[in-house]
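>>> generate a structure from the sequence data that follows.
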Amino acid sequence: MYNLENKKIILTGGSRGIGLSILEKIYNDKNKILIIGSKIEKLQELKKKFQSIEIEQLDLSNIDLIQNNFDKMVNKIGGLDVLINNAGITKDNLAIRMGKKEWLDVLDVNLNSVFFMCQQALKVMIKNKAGVIINISSVVAHTGNPGQSNYTASKAGMIAMTKSLAKEYAKKNIRINCVSPGFIDTDMTTSLKDDHKKMLLEQIPLGRMGKPSDIANAAAFLISDDSCYITGETIHVNGGMYMA
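As a prediction, the model looks like this:
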C-alpha cells in the first residue's frame, strides 16, 4: 500500500468514471480533497457520499475563472500537494464536418484549462518546494482515432506540455507526469455499439477493457513517494493496446 495520507489534493472531474475511482482511492480522513466539477448537483451528491471533501463548481473552459478562483480553492483545503487534471470532454466529428465550436470547446477544457491549472498550482508548489501534478491523457493521443482530431490533439498536446513543465520545475522538487488510459469501462464507453466494442477488444492483447480502478492505481503510485524518481513520463494503462 502506498502512503497517501496527509495530502492536500485538487482533482478535476471527480464525480464519475475515472475521476470517481481516483477519489475513492485517495479518500481518507487524513487527506484534504477538493473536487472541481461543472454540475453542482453532481458535486452535491458526491459531498453526501464523501463528507469531508470540498467541492467547487467551475467552468474549466473559462481561464479567468481558473485564475481568479484558484487561491480560494487552495485555501479551502489549507494548501496544495497534488493536482490531478482529469476533467475532459469529447465532441466527435469527421474533420471536414467539425465546426469551430466543436474544435475549440474540446481544446479549451482538455488542454487550455490543464495548462492554466498547472500554472496556478506551480506558483503554490514552488513556495512549498514540493508538489505532484498528474495529467490524465489517453491512448488515442499516441495512436490517433478517426472522428477525434480535436480530442487526440488535446490529449497529445497535454503529453508534450507535461514533458516541458517537468523539465522546467524538476529542480523545484515538483514531479509532473501523465497517465494514459486505454479503453476503460465507463459511461463514455458503454454507449458504444456491440460491433464497435468487439473491434476494440480485438486490438487489446489482454482481451478486455480496463476498469477505472486501473487508472486510479496508477495515479496513486504517482502521488506516492514510491515514484519519487519519475517525472515527465507517461504511464500507459491500456492492456497492451499501445506499447511505447
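>>> may I have the predicted confidence score for the most centrally placed residue in the chain?
For the chain, the residue nearest the mean C-alpha position is Asn86 (2.0 Å; Cα atoms, centre = their mean). At Asn86, the pLDDT value in this model is 98.
>>> now do Thr90
95.
>>> is it in contact with Gln148, as I believe?
Yes - using Cβ atoms under 8 Å, Thr90 is in contact with Gln148, at 7.0 Å. (C-beta placed from N, C-alpha, C; glycine too.)
>>> and these two? which has more neighbours close in?
Set Thr90 next to Gln148 and count neighbours by other Cβ atoms under 10 Å: Gln148 wins out with 22 against 17.
>>> SS state for the closest residue to the more buried one other than its chain neighbours?
Once flanking residues are discounted, Gln148 sits nearest to Asp92: 5.5 Å by Cβ to Cβ, 6 or more residues apart in numbering. The assignment at Asp92 comes out as coil when based on DSSP: H, G, I helix; E, B strand; the rest coil.
>>> pLDDT weak spots in the chain?
The model of the chain has pLDDT under 70 over residues 188-189, 191.
>>> quick one, helices of it?
Assigned by DSSP state H, the helices in the chain fall at 17-26, 40-49, 63-77, 100-107, 113-128, 140-143, 149-169, 194-201, 212-223.
>>> which outside residues touch the third one?
Contact partners of helix 63-77, identified using Cβ atoms under 8 Å, 6 or more residues apart in numbering, comprise 8-10, 32-34, 36, 54, 56, 58-60, 80, 112-113, 116-117, 120-121, 124.
>>> can you count the residues close to Leu111?
Leu111, neighbours per other Cβ under 10 Å, totals 21.
>>> contacting residues for the residue lying closest to it once chain neighbours are set aside?
Spatial nearest neighbour of Leu111, chain neighbours left out: Ser154 (4.2 Å); criterion: Cβ to Cβ, 6+ apart. Contacts for Ser154 (Cβ under 8 Å, 6+ apart) come out as Gly88, Val106, Leu107, Val109, Asn110, Leu111.
>>> what's near enough to touch the second one?
The neighbours of Val106, taking Cβ under 8 Å, 6+ apart as the test, are Ile89, Thr90, Lys91, Asn150, Tyr151, Ser154.
>>> so Thr143 touches Asn238, yeah?
No - using Cβ under 8 Å, Thr143 makes no contact with Asn238, being 9.4 Å away.
>>> between the two, which one's more packed in?
Asn238 (24 against 13).
>>> tell me how many other residues crowd the residue nearest to the more buried one when sequence neighbours are not counted.
The shortest distance from Asn238 to any non-neighbouring residue, by Cβ to Cβ, 6+ apart, is to Gly182 (2.7 Å). Close neighbours of Gly182, defined as other Cβ under 10 Å, add up to 23.
>>> so Gly182 versus Val237, what's the distance?
6 Å (Cβ to Cβ, to the nearest Å).
>>> what packs against the top strand by length along the chain?
If you go by DSSP state E, the chain has its longest strand at strand 174-181. Applying 3 or more Cβ pairs under 8 Å, 6 or more residues apart in numbering; DSSP states H and E, one finds that strand 174-181 makes contact with helix 113-128, strand 131-136, helix 149-169, helix 212-223, strand 234-237.
>>> quick one: strands adjacent to that strand?
Using DSSP bridges, the strands paired with strand 174-181 are strand 131-136 (parallel), strand 234-237 (parallel).
>>> which one, of these, ends up nearest to Ala218?
Shortest distance between Ala218 and the strands paired with strand 174-181, using Cβ to Cβ, is found for strand 234-237: 4.9 Å.
>>> using PDB, list the CA coordinates for the closest one.
Taking C-alpha atoms only, strand 234-237 is exported to PDB below (Å, rounded to 0.1, in the frame of the first residue of the first chain):
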ATOM      1  CA  THR A 234       3.500   8.900 -19.400                       C
ATOM      2  CA  ILE A 235       2.300   5.700 -17.600                       C
ATOM      3  CA  HIS A 236       0.400   3.600 -20.200                       C
ATOM      4  CA  VAL A 237      -2.500   1.700 -18.800                       C
END
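>>> much appreciated, bye for now.
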